[in-house]
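Q: Coordinates only, no sequence provided:
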Ligand code: C2E
Ligand code: CA
Ligand code: CA
Ligand code: CA
């Protein structure tokens, strides 16, 4: 009948099939991406709002694929999570970032933070903590200079499990940041249940500063509330002077975004630090 035909068309949406095929191809490509040196890291600077001093850098992964061109981590991280490849990729990110920054610390005497994003799938893997420690030992990177960023959406796991991991990391001396704050359902309740060292306000809220009154109020409320819990706040995705001015007035502690610096390869970071030392 006409109706069954219509249903069938809905079910076999060509776009859906294309999506599955693309994901499968990306998954295949991802398997050899590390050995083929298609994966690299860039680092985005973070600054203190008040003093303007450099606080550290966030590590961001890049994939330049010969078949697919540039693939955003927003696309391939979920694929890596589904297939379990995130465990290998995540460890590679940590090892590569720590190795690069250890070298940097020696040549430039840089003592700020190195922030690394960790996926929930990676964090909940059985041997996460011992493997993590091993990388720190092998790279001789000081845990005091390391920060782990976990996103709210990763906290769908049992809160006790997450708390255990967070505590273990903090015992080693690593700080733990709550990323993309405000985008999940239970932001506030997580903040009360887990001992975060930093809260990163999601870019979507920063985007709307001075565009609509509600966003201004929301950002102000977040900063005030998080400060009441004695936790510092970082605003991410800051692009304009007017956003920066607002954040300064509201006593936001740290800032990260294109206004201050885009994610850069390690050579550019080194040049930036060398330049700083000369002045
Ligand atoms: P995120 O952790 O929230 O990272 C911030 C994203 O915003 C980055 O996108 C960064 O390049 C971008 N960004 C920073 N400042 C600005 C700005 O002023 N304007 C605009 N328009 N964008 C800005 P990117 O590098 O594409 O990463 C996207 C997401 O992929 C990250 O979001 C993070 O969730 C994930 N990701 C990146 N690297 C890793 C990694 O090594 N491991 C894991 N598990 N996830 C990663
Ligand atoms: Ca992040
Ligand atoms: Ca974020
Ligand atoms: Ca994000």
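A: All right, it came through fine. Keep in mind it's a predicted model, so treat the numbers as computed, not measured. Ligands and ions are numbered 1, 2, ... in the order given.
Q: Give me the helices and strands touching the longest helix along the chain, please.
A: Assignment by DSSP state H gives helix 86-108 as the longest helix of the chain. Helix 86-108 sits against strand 39-48, strand 54-65, helix 73-83, strand 113-117, helix 120-123, helix 128-139, helix 266-278, with contacts defined as 3 or more Cβ pairs under 8 Å, 6 or more residues apart in numbering; DSSP states H and E. From N, CA and C alone the C-beta is placed, and that goes for glycine too.
Q: I'd like these laid out as JSON lines, including mean neighbour count.
A: Listed next are the helices and strands packed on helix 86-108 as JSON lines, based on neighbours: other Cβ atoms under 10 Å:
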{"stretch": "strand 39-48", "mean neighbour count": "19"}
{"stretch": "strand 54-65", "mean neighbour count": "20"}
{"stretch": "helix 73-83", "mean neighbour count": "17"}
{"stretch": "strand 113-117", "mean neighbour count": "23"}
{"stretch": "helix 120-123", "mean neighbour count": "22"}
{"stretch": "helix 128-139", "mean neighbour count": "16"}
{"stretch": "helix 266-278", "mean neighbour count": "14"}
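Q: my read: residue 195 touches residue 165, true?
A: No. The pair residue 195 / residue 165 is not scored as a contact, 11.8 Å apart, by Cβ atoms under 8 Å.
Q: out of the two, which sits in the more crowded spot?
A: Shown here are residue 195 and residue 165; by other Cβ atoms under 10 Å, residue 165 has more neighbours (21 against 13).
Q: What are the contacting residues of the helix or strand containing the more buried one?
A: Secondary structure here is read from DSSP states H and E; on that basis residue 165 sits in helix 159-172. For helix 159-172, contacts defined as Cβ atoms under 8 Å, 6 or more residues apart in numbering pick out 123-124, 128-129, 132-133, 136, 143, 148, 150, 154-155, 176, 190, 193-197.
Q: Could you tell me which strands sit next to the helix or strand following that helix in the sheet, and their orientation?
A: Next helix or strand after helix 159-172 toward the C-terminus (DSSP H and E): strand 175-181. Strand 175-181 pairs in its sheet with strand 146-151 (parallel), strand 198-201 (parallel), by DSSP bridges.
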